[in-house]
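# Sequence first, then the predicted structure, then my questions.
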Amino acid sequence: MKYVNEYRDPELGKKLLERIRRNSRKHIRLMEFCGGHTVAIFKHGLRQLLPSNIEMLSGPGCPVCVTASMDLDRAIAMAKLPDVIITSFGDMVRVPGSRSSLQKAKAEGADVRIVYSAQDALKMAKENPDKAIIFIGIGFETTAPTIAASILQAEQEEIKNYFVLSLHKTCPPIMKAILDLGEVKLDGIICPGHVSAVIGSRPYQFLADDYQIACAVSGFEPVDILLAVDSLVEQIESGQPKVEITYRRGVKEGGNPAALKLMDAVFEVGSADWRGIGVVPESGLQIRKRYEGFDAAKRFDIKVSTAKEPKGCICGAVLRGVSTPLECKLFRRLCTPENPIGPCMVSSEGSCATYYQYGEGSGR
Amino acid sequence: MCLAIPALIKSIEGQQAVADIEGVTREISLQLTPEAKVGDYVLLHTGYAIGVIDAEEAEETLKLLREMTEAG
């Protein structure tokens, strides 16, 4: 595939690794924020290939994983309403809420359907005018503009039975929240490539200016990731943290103005509840009053009782970069991809699922 | 979840396009990339193009990579 294969060239990767080994002297700790990066790093064995003075941590960049139990409980309660079809991206249906999951609700008779795109949910709304189609809107700034586009399309085509439960979250505020918690000390961050395709690189500038953290906005192929690590090493060794885009074919400093405009038209910034972290101000996207006719949270007044986290699950600490899945007593024993207890084992890009499939402790 | 893959635009009709993803064709939305043209590669995420791939920058990056790794 063009724009993919070139960045999988083993020779280039080997030479970049040699260069990183030569230039990297300090013991440094880097976090890859995005779950897609975590998967790529493990899949290509980059943690083992990088020199031992470069420590890699995984961050909270898995939208399925960070969806709070209480938000999931609301989605499950909505699934049980009459004449409702719940639509959702795949992994979400298996994530356990406090007492159930969307998958269990489906087994008990609720109409829960997996879609690939918000466009599929819109189509379903047109085909089922007697039903309310509720789309469970999860995802970061990569996905939020697509949901905004679907709401605008629904308005334009006068589709009145399409609703979105917006659980969208934004990346820069959670990076700040994790740093302010003070539990992990980082020297550099591999910033999410496709979030940045939308928001650009400027929203990370505070990390370099206020926290002296080196930043590289990276693509998802192994050479892309090594190029980002190379940039971070250079920034850290020279003591000059900045924000560098190493994924230049996909990311512009100012992001995608059309996508930002649509996102801003439909959503406004509000607080969001993050699993393992709690409510973080200004880290979520809520549907503006102008579009409240499409807001599932307004249309369906659902009250849920206090949420419960699965007993013994340390997903929260894993998402904050404080613990690794190997420190969890449930990992591989009681919690597996077939029988996940926590969300980080459900999503294919969750840290626990990635460790299970590719990483240490996989037994492979 | 934020997975996006390169897709080649084959034809455009309004805000919809037909794109080729390694031999598989499907309809995608260009609502977020009104500047996309036939022959462009876009980053495809959940049925929507979220950005146009910059062919020149891609070349530049490869050139830079070669220089970096040759210079050592």
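Cool, the structure landed. Everything quoted here is computed from the prediction, not taken from an experiment.

# Can you get me a residue count around residue A:157?
For residue A:157, the count of nearby residues is 12 (other Cβ atoms under 10 Å in any protein chain shown). Any C-beta I mention is one placed from the backbone N, CA and C, and that applies to glycine too.

# wait, what's in contact with it?
residue A:126 (Cβ atoms under 8 Å, 6 or more residues apart in numbering or on different chains).

# what does chain B have sitting close to chain A?
For chain B, the residues in contact with chain A (Cβ under 8 Å from any Cβ of the partner chain) are B:1-6, B:8, B:22, B:29, B:31-35, B:41, B:43, B:45-48, B:50-51, B:53-55, B:57-58, B:60-62, B:65-66, B:68-69, B:72.

# what about burial for these, which qualify?
B:1-4, B:6, B:8, B:29, B:31-33, B:41, B:43, B:45-48, B:50-51, B:53-54, B:57-58, B:61-62, B:65, B:69 (16 or more other Cβ atoms under 10 Å in any protein chain shown).

# Let's see the pLDDT reported for the residue of the stretch 251-364 of chain A at minimum distance from chain B.
Proximity of the stretch 251-364 of chain A to chain B (Cβ to the nearest Cβ) peaks at residue A:259, 4.3 Å away. pLDDT for residue A:259: 98.

# Might you report the residue contacts of it?
Applying Cβ under 8 Å, 6+ apart, the residues near residue A:259 are A:145, A:198, B:32, B:33, B:50, B:51.

# tell me which residues in the helix or strand hosting it are buried?
Secondary structure from DSSP states H and E places residue A:259 in helix A:257-266. Neighbour-count burial for helix A:257-266, with 16+ other Cβ under 10 Å as criterion, is recorded at A:258, A:259, A:260, A:262, A:263, A:265, A:266.

# Over to stretch A:23-43?
For stretch A:23-43, the neighbour count (16+ other Cβ under 10 Å) marks A:24, A:28-42 as buried.

# Quick check: the farthest pair among those residues?
Largest separation among these by Cβ to Cβ: A:24 and A:35, giving 25.1 Å.

# Below-threshold pLDDT in chain B: ranges please.
Counting by pLDDT under 70, chain B has low-confidence residues at B:71-72.

# Now do the helices in it.
Secondary structure of chain B by DSSP state H: the helices cover B:55-71.

# Can you tell me which helices and strands the helix of greatest length in chain A packs against?
In chain A, assigned by DSSP H, the helix with the most residues is helix A:222-237. For helix A:222-237, the packing partners by 3 or more Cβ pairs under 8 Å, 6 or more residues apart in numbering or on different chains; DSSP states H and E come out as helix A:10-23, strand A:28-34, helix A:35-43, helix A:46-49, strand A:188-191, strand A:214-217, helix B:55-71.

# Indicate the residue of chain A located nearest to chain B.
residue A:117 (3.0 Å).

# how about the nearest residue to that residue, chain neighbours excluded?
Distance criterion Cβ to Cβ, 6 or more residues apart in numbering or on different chains; nearest residue to residue A:117, sequence neighbours excluded, is residue B:47 at 3.0 Å.

# residue in chain B nearest to chain A?
For chain B, Cβ to the nearest Cβ, closest residue to chain A: residue B:47, 3.0 Å.

# now the strands for chain B?
With strands called from DSSP state E, chain B shows them at B:5-13, B:16-21, B:24-29, B:41-45, B:48-52.

# actually chain A, not the one I typed
With DSSP E as the criterion, chain A has strands spanning A:28-34, A:54-61, A:84-88, A:111-114, A:132-137, A:162-166, A:188-191, A:214-217, A:243-245, A:267-274, A:278-287.

# For the fifth one, name the packing helices and strands.
Counting contacts by 3+ Cβ pairs under 8 Å, 6+ apart, strand A:132-137 is packed against helix A:69-79, strand A:84-88, helix A:118-127, helix A:144-156, strand A:162-166, helix A:296-299.

# Report the strands that pair with that strand, each with its relative direction.
Partners of strand A:132-137 in the sheet, by DSSP bridges, are strand A:84-88 (parallel), strand A:162-166 (parallel).

# Among those, which comes closest to residue A:122?
Closest to residue A:122 of those, according to Cβ to Cβ: strand A:162-166, at 5.9 Å.

# Please give me every residue in contact with the residue of chain B closest to chain A.
Residue B:47 is in contact with A:116, A:117, A:118, A:119, A:120, A:146, B:28, B:29, counting by Cβ under 8 Å, 6+ apart.

# Filter those down to the buried ones.
When these are checked for burial by 16+ other Cβ under 10 Å, the buried set is A:117, A:118, A:119, A:120, A:146, B:28, B:29.

# Could you report the pLDDT at the first one?
At residue A:117 the predicted local distance difference test score is 96.

# Give me the phi and psi angles of it.
Backbone geometry at residue A:117, expressed as degrees, to the nearest 10, gives phi -140, psi 150.

# Pretty sure it sits against residue A:149.
No: Residue A:117 lies out of contact with residue A:149 (Cβ atoms under 8 Å); the separation is 10.3 Å.

# Now for residue A:293, how many residues are close by?
Each residue near residue A:293 was counted by other Cβ under 10 Å, and the total is 15.

# got any ranges where chain A has weak pLDDT?
Counting by pLDDT under 70, chain A contains low-confidence residues at A:360-364.

# So for chain B, the centremost residue is which one?
Nearest residue to the geometric centre of chain B (Cα atoms, centre = their mean): residue B:42, 2.2 Å.

# Now it: closest residue in space that isn't a chain neighbour?
In space, residue B:42 is closest to residue B:49, 3.6 Å off (Cβ to Cβ, 6+ apart).

# before we move on, back to that, if you compare the helices and strands packed on strand A:132-137, which one is most tucked away?
Highest mean neighbour count among these (mean count of other Cβ atoms under 10 Å in any protein chain shown): strand A:162-166, with a mean of 27.
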